[in-house]
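Peer 1: Quick one, structure for this:
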Amino acid sequence: MPIERGVSHKMRRTRGFTLIELLVVIAIIAILAAILFPVFAKAREKARQTSCLSNMRQLGTGLLSYVQDYDGRYPDSRVMPTYAGQPAGYLGGWHITEYGIRKWYDGNQTQLWGWPMVVSPYVKNAQIFNCPSDSEAERWLPWNMRGSYYWRHALDAYCVSVGSSVKESIVQRPAQIAALVEEAWHWGGQSPYCFNGSDTEATKQVNASFMDGHAKVLNVPRVSSIGVPSYDLNWFFFVHNWALQNDPVDIQ
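Peer 2: As a prediction, this is how the structure comes out:
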């Protein structure tokens, strides 16, 4: 007698996730995300810091090329076209906004300005004046007019005070004096200074390009060696003044 083919009475039962199982899976994913995302963020920031340091190495090379072309003299704010219309002597904020930190003459980003104007022929890339981790905090200038790397303000003050550019011959320790520093926008928070007066850390770190052209991470002390708070990088840390002949150094 033929066997009748039909639907089996032993049908398989389809079983889905229970609510508890689903919640457990979601919790596991959330825990893994909480662990991994900060790691990824740190890795990304580390890569940006490396890129930033690479920028400073190239700028240091460009700076030395400038020095070689200009009879062993470092650039200073007196090369700015507007300087002729300014009163003689140290002008404080003008040196910062017109030379030390400015990248473009205006917000249209059509004409380089400040120290990038004199160094740009040697680097051939305007993007190199910006750090990839710059938080775009605005203080001295709007974001679309400034760069991330700050020409050492004490060098300008020295040049104006003595009426002469800094010469290679008077820099006794070029490998220990920073010419360019990042203003620590991302390492130091939203304040453009490494220290804003309320910080308690003993040191902070910024990328720096030194007067001999090399670049490295610079440890900035909250209090200089003579007991003066280092709220910014305008000053030389060792003797905390502008006189290069006194052999100031950033690395002791």
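Peer 1: now for this protein, which residue lies nearest the mean position of the chain?
Peer 2: Centrality entry for the chain: nearest residue to the mean C-alpha point is residue 182, 3.2 Å, by C-alpha atoms, centre = their mean.
Peer 1: Any stretches of the stretch 1-150 of the chain with poor pLDDT?
Peer 2: 1-17, 36-47, 79, 81-92, 137 (pLDDT under 70).
Peer 1: What are the buried residues along stretch 64-79?
Peer 2: 64, 66-67, 73-78 (16 or more other C-beta atoms under 10 Å). Every residue, glycine included, has its C-beta placed from N, CA and C.
Peer 1: who's in contact with it?
Peer 2: 63, 83, 95, 98-100, 115, 118-119, 122, 155-156, 159-160, 165-169, 179, 211-213 (C-beta atoms under 8 Å, 6 or more residues apart in numbering).
Peer 1: quick revisit: and the buried residues of stretch 64-79 as a markdown table, adding secondary structure and distance to residue 128?
Peer 2: Converted to a markdown table, the buried residues of stretch 64-79 look like this (DSSP: H, G, I helix; E, B strand; the rest coil; distance: C-beta to C-beta, whole Å):
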| residue | secondary structure | distance to residue 128 |
| --- | --- | --- |
| 64 | helix | 15 |
| 66 | helix | 14 |
| 67 | helix | 18 |
| 73 | strand | 22 |
| 74 | coil | 19 |
| 75 | coil | 16 |
| 76 | coil | 21 |
| 77 | helix | 21 |
| 78 | helix | 24 |
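Peer 1: Can you tell me which of these is closest to residue 250?
Peer 2: Nearest to residue 250 among the buried residues of stretch 64-79: residue 74, at 15.5 Å, using C-beta to C-beta.
Peer 1: Mind jotting down where the strands sit in the chain?
Peer 2: Applying DSSP state E to the chain gives strands spanning 149-151, 178-182, 203-210, 215-221.
Peer 1: Now do the longest one: which elements does it pack against?
Peer 2: With contacts taken as 3 or more C-beta pairs under 8 Å, 6 or more residues apart in numbering; DSSP states H and E, strand 203-210 sits against helix 19-69, strand 178-182, strand 215-221.
Peer 1: Likewise for the second one?
Peer 2: When contacts are defined as 3+ C-beta pairs under 8 Å, 6+ apart, strand 178-182 packs onto helix 19-69, strand 149-151, strand 203-210.
Peer 1: Show residues contacting it.
Peer 2: With C-beta under 8 Å, 6+ apart as the criterion, strand 178-182 contacts 52, 56, 59-60, 63, 74, 131, 148-152, 155, 206-211, 218, 233, 250.
Peer 1: correct me, but residue 217 touches residue 205?
Peer 2: Yes - if you go by C-beta atoms under 8 Å, residue 217 and residue 205 touch, sitting 5.2 Å apart.
Peer 1: The strands of the chain into JSON lines, with extra columns for distance to residue 143?
Peer 2: What follows is the strands of the chain, written out as JSON lines (distance: least, C-beta to C-beta, whole Å):
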{"stretch": "strand 149-151", "distance to residue 143": "14"}
{"stretch": "strand 178-182", "distance to residue 143": "15"}
{"stretch": "strand 203-210", "distance to residue 143": "19"}
{"stretch": "strand 215-221", "distance to residue 143": "23"}
